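A.B. asks: The amino acid sequence is not available; the structure is as follows:
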């Protein structure tokens, strides 16, 4: 139990240091959007300063907690993106191996394909 608590504190400190090192900041706009997202997820219509009352926090505590979460998410995103590298060769091989996942639309610009998925459709640039 103590070891787990100590590990969490160490992880938190290391995360805070990395956030400072990379100068990760959360803008007021991003914070406001996060508040709106929380309100939507919880079907809340009241003002944002009433949100923390549900968790027994003051608004300042809630804001600090939310800011910390947003900074951690940004850090994790940056760290993962820095390690994931997909080269031209891998993209072409994937495209060649999965032609049914892609379709060329007549309205698309040359060399642009639409990725077709049951859930979403995103665009990927590719050659002919």
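C.D. replies: Received it, and whenever you're ready, just let me know what you need. All figures in this text were calculated on a predicted structure; none of them were measured in a lab.
A.B. asks: Mind picking out the helix or strand in this protein with the poorest mean pLDDT?
C.D. replies: Least confident helix or strand of the chain, by mean pLDDT, DSSP states H and E, is strand 121-125 with a mean of 42.
A.B. asks: Outline the domain layout of this structure.
C.D. replies: Domains of the chain are assigned by automatic domain parsing as 2-83, 88-125.
A.B. asks: now the strands: where do they sit in this protein?
C.D. replies: For the chain, applying DSSP state E gives strands covering 102-103, 112-116, 121-125.
A.B. asks: Identify each buried residue in the longest helix seen in the chain, please.
C.D. replies: The residue-count maximum for a helix in the chain (DSSP state H) belongs to helix 59-83. Buried residues in helix 59-83, defined by neighbour count with 16 or more other CB atoms under 10 Å: 62-63, 66, 70-72, 74-75. Bear in mind the C-beta positions are built from the backbone N, C-alpha and C, glycine included.
A.B. asks: now do stretch 27-47
C.D. replies: 34-35, 39.
A.B. asks: Just the residues you listed: which are in helices?
C.D. replies: Those of those lying in helices (DSSP H): 34-35, 39.
A.B. asks: Let me know the closest of the residues you listed to residue 27.
C.D. replies: residue 34 (10.5 Å; CB to CB).
A.B. asks: got a pLDDT number for that closest one?
C.D. replies: Looking at residue 34, its pLDDT is 86.
A.B. asks: In contact with it, which residues?
C.D. replies: 66, 70 (CB atoms under 8 Å, 6 or more residues apart in numbering).
A.B. asks: measure it to residue 92 for me?
C.D. replies: To residue 92, residue 34 is 38 Å away according to CB to CB, to the nearest Å.
A.B. asks: just to revisit the earlier point, would JSON lines of the ones in helices among the buried residues of stretch 27-47 with distance to residue 9 be doable?
C.D. replies: Compiled in JSON lines, these are given as follows (distance: CB to CB, whole Å):
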{"residue": "34", "distance to residue 9": "25"}
{"residue": "35", "distance to residue 9": "28"}
{"residue": "39", "distance to residue 9": "31"}
